[in-house]
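> Provided below for reference: sequence and predicted model.
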There are 2 protein chains.
Amino acid sequence: MSFSITIIGSNSAIPAHGRHPSSQLVTIQDKHYLIDCGEGTQMRLHELNIRASRINHIFISHLHGDHYFGLIGLISTYHLLKRIRPLHIYAPKELLSIIQLQLQAGQTNLCYEIIFCPLDPHKSERILENDDITVDTILLKHRIDCLGFLFKEKKRERKVIKEKMDAYELSFDLVPELKKGFDITDPKTGNIIPNKELTTDPLRARSYAYCSDTAYNENMLSAIYGVDLMYHDCTFDDAAQLRAEETYHSTTKQAAQIAKLSQAKQLLIGHFSSKYENLNSLLLEAKEVFENTLLAIEGKIYSIER
Amino acid sequence: MSFSITIIGSNSAIPAHGRHPSSQLVTIQDKHYLIDCGEGTQMRLHELNIRASRINHIFISHLHGDHYFGLIGLISTYHLLKRIRPLHIYAPKELLSIIQLQLQAGQTNLCYEIIFCPLDPHKSERILENDDITVDTILLKHRIDCLGFLFKEKKRERKVIKEKMDAYELSFDLVPELKKGFDITDPKTGNIIPNKELTTDPLRARSYAYCSDTAYNENMLSAIYGVDLMYHDCTFDDAAQLRAEETYHSTTKQAAQIAKLSQAKQLLIGHFSSKYENLNSLLLEAKEVFENTLLAIEGKIYSIER
């Protein structure tokens, strides 16, 4: 099962240096999930040859414009392209009336359904669960209510070794119990056969945490502990720590410190201030604290391997 | 005095073929006026090396998203860049609450003033007058209330010929009267000196009409009669006339017919449907009816000469 992140926009509020406001695509098992939707996201998806029609779930972290001003355009384009499938939007509750007011002003009755899930800004909660994944919110620390999103593959069942089943001449009716990890009794001999002899460990469940926008926030460590890949706010360099505090953003070293303390396997830094044209010095600073750091480069796909 | 139009976005609602939603810049005597502001306009201005900070007046024709979804982003960027000068917005009244709701959701108190002028959708009116120009609305015919904008240079005063003044030994106190076109009495001889002997005709006042989005609409002819340059909705080709009627847009030949009947000097067609990748056939069709037609090409500057 594939699990990857495509960066659509990696800049902070003011678009600059060819970088765009926040948006990224999480692709898991051929399903597309969009996180944040800054202005121009629909054009960026087109440029990156991503079929926007395949997106059925959109997650909005907070209501600063660089994270959602592109949503209404995408919603409108879906309508013009005669979308049929419902669109699930997970966002702060105020967004619904903003969308409705704009549709109303244009006298647009959408030809598809928006299923709006208002997010509770005060508690972490499970907002999506399907066959493949769960998505939980993460409480971030920003100037206005802001949530991160933790995408987790579901824990798979144990894998039954067909050859061993044949050797013991076991019925396949026993498979569900074996997958769950139970030992079984050999119907012929009455002996217990340990589960481990008949199965292998399930594939490891991978995870991705989107943590932007946020000030340095150790409170979220327990929620993201051991995550495979963490995208973290990195608006400023280390020297601009005061500015980061004032604006409820993070510096390179703060992002890296969160990755280190949470024992993340890999860190992806983004939401860069427009003051940085070249990002290499940001990367070097973060690496001083957490070696396995990557820059979020627009158009680049970051796969999470097992 | 310069008078030019820069096309920022020339496409209809769905961005395609590298074309963008509606927006254009009218530049008169170093003043920038923005008409419509589709999604991504701020990025497009940046790409075209147009300093957005020089825009003090924004005109929104109607509240279909492809004409205003980029406005809130531009407003926000001005705030982040610590704009000081007030921003004048001329738009359907519903836009004000859309802007306010979004600023409120982001807890943003703008650091500059928005001076909002709600437009009356039912009558043509003068909405701006300064030393250089007047701007009047034009009643268009669209699925929702929609206004065009007529930019007109102010009629200049007659030009006094200094050499003639000197020859008659006339006092410069007479200049204001001469500029207005009055004959004067020679203080020395008591003879009447005809104005025409002392002045030359003023420079011709130029005009530009923005007429998008609209169905074929002869009712607006009187308002735009003799305009120098007319931008007209040309969403469809001639074969798609039925579709144009259904959607309250115009075809190539309808746009050209309006230009012809209004005795416009030049026609600029735009707001192209995404179904046309190549626009040359649209141009040829329009030219069959009105020879002096141009395609609105993004990034191109169209000067209105005297």
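On my side now, so go ahead. Residues are numbered from 1 along each chain as shown, chains lettered A, B, ... in the order given.
> Could you identify the longest helix within chain A?
If you go by DSSP state H, chain A has its longest helix at helix A:94-105.
> And the next helix or strand past it?
Downstream of helix A:94-105, the first helix or strand assigned by DSSP states H and E is strand A:114-119.
> how big is the angle separating that next one from helix A:94-105?
If you take axes from the mean of the first three to the mean of the last three C-alpha atoms, to 10 degrees, strand A:114-119 sits at 150 degrees to helix A:94-105.
> Counting by contacts, list what the longest helix of chain A packs against.
helix A:71-80, strand A:114-119, helix B:94-105 (3 or more C-beta pairs under 8 Å, 6 or more residues apart in numbering or on different chains; DSSP states H and E). Every C-beta, even on glycine, is put in place using the N, C-alpha and C of the backbone.
> most packed of the ones you listed?
Of those, the one with the most neighbours on average (mean count of other C-beta atoms under 10 Å in any protein chain shown) is helix A:71-80, at a mean of 22.
> Who are the packing partners of that one?
Contact here means 3+ C-beta pairs under 8 Å, 6+ apart; on that basis helix A:71-80 packs against helix A:41-47, strand A:87-92, helix A:94-105.
> Including mean pLDDT and distance to A:Y231, could these go into a markdown table?
Below are those laid out as a markdown table (pLDDT from 0 to 100; distance: least, C-beta to C-beta, whole Å):
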| stretch | mean pLDDT | distance to A:Y231 |
| --- | --- | --- |
| helix A:41-47 | 96 | 16 |
| strand A:87-92 | 98 | 17 |
| helix A:94-105 | 98 | 21 |
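> closest one to B:S212 among these?
Set against B:S212 and scored by C-beta to C-beta, those come closest in helix A:94-105, at 17.8 Å.
> what's the angle from that closest one to strand A:87-92?
Put simply, helix A:94-105 runs at 130 degrees to strand A:87-92, going by the same axes, to 10 degrees.
> about what we covered before: will you turn the helices and strands packed on helix A:94-105 into TSV that also has distance to B:A264?
TSV is the format used below for the helices and strands packed on helix A:94-105 (distance: least, C-beta to C-beta, whole Å):
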stretch	distance to B:A264
helix A:71-80	30
strand A:114-119	43
helix B:94-105	29
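> Residues in contact with the helix or strand A:I5 falls within: which ones?
According to DSSP H and E, A:I5 maps onto strand A:3-9. With contacts defined as C-beta atoms under 8 Å, 6 or more residues apart in numbering or on different chains, strand A:3-9 is touched by A:19-29, A:36, A:38, A:40-41, A:44-45, A:48, A:50, A:153, A:206, A:208, A:229, A:231, A:268, A:270, A:296-304.
> and stretch A:285-295, how far apart are its ends?
11 Å (C-alpha to C-alpha, to the nearest Å).
> Okay, buried residues for it please.
A:285-287, A:289-290, A:293-295 (16 or more other C-beta atoms under 10 Å in any protein chain shown).
> likewise stretch A:21-32?
Judged by neighbour count (16+ other C-beta under 10 Å), stretch A:21-32 contains these buried residues: A:21-28, A:31-32.
> quick revisit: out of the helices and strands packed on helix A:94-105, which gets nearest to B:Y216?
helix A:71-80 (22.1 Å).
> re the thing from before, could you save the helices and strands packed on helix A:71-80 as JSON lines and add columns showing distance to B:T200?
Shown next, in JSON lines, are the helices and strands packed on helix A:71-80 (distance: least, C-beta to C-beta, whole Å):
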{"stretch": "helix A:41-47", "distance to B:T200": "51"}
{"stretch": "strand A:87-92", "distance to B:T200": "64"}
{"stretch": "helix A:94-105", "distance to B:T200": "50"}
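> Helices along chain A, start to end?
For chain A, applying DSSP H gives helices covering A:41-47, A:71-80, A:94-105, A:162-167, A:175-180, A:195-198, A:221-224, A:241-247, A:252-261, A:280-289.
> thinking again about what came up before, report the entries of the contacts of strand A:3-9 that also contact chain B.
A:20, A:40 (C-beta under 8 Å from any C-beta of the partner chain).
> Out of the contacts of strand A:3-9, which sit inside strands?
Members of the contacts of strand A:3-9 lying in strands (criterion: DSSP state E): A:23-28, A:36, A:153, A:208, A:229, A:231, A:268, A:270, A:301-303.
> Quick one: neighbours of the residue of the stretch 151-300 of chain A found nearest chain B, just the number.
Chain B sits closest to A:S274 of the stretch 151-300 of chain A, with a gap of 8.8 Å, by C-beta to the nearest C-beta. Per other C-beta atoms under 10 Å in any protein chain shown, the neighbour tally for A:S274 reads 17.
> residues near the closest residue to A:V289 other than its chain neighbours, how many?
Leaving aside its chain neighbours, A:V289 sits nearest to A:A256 (3.5 Å; criterion: C-beta to C-beta, 6 or more residues apart in numbering or on different chains). A:A256: 26 surrounding residues under other C-beta under 10 Å.
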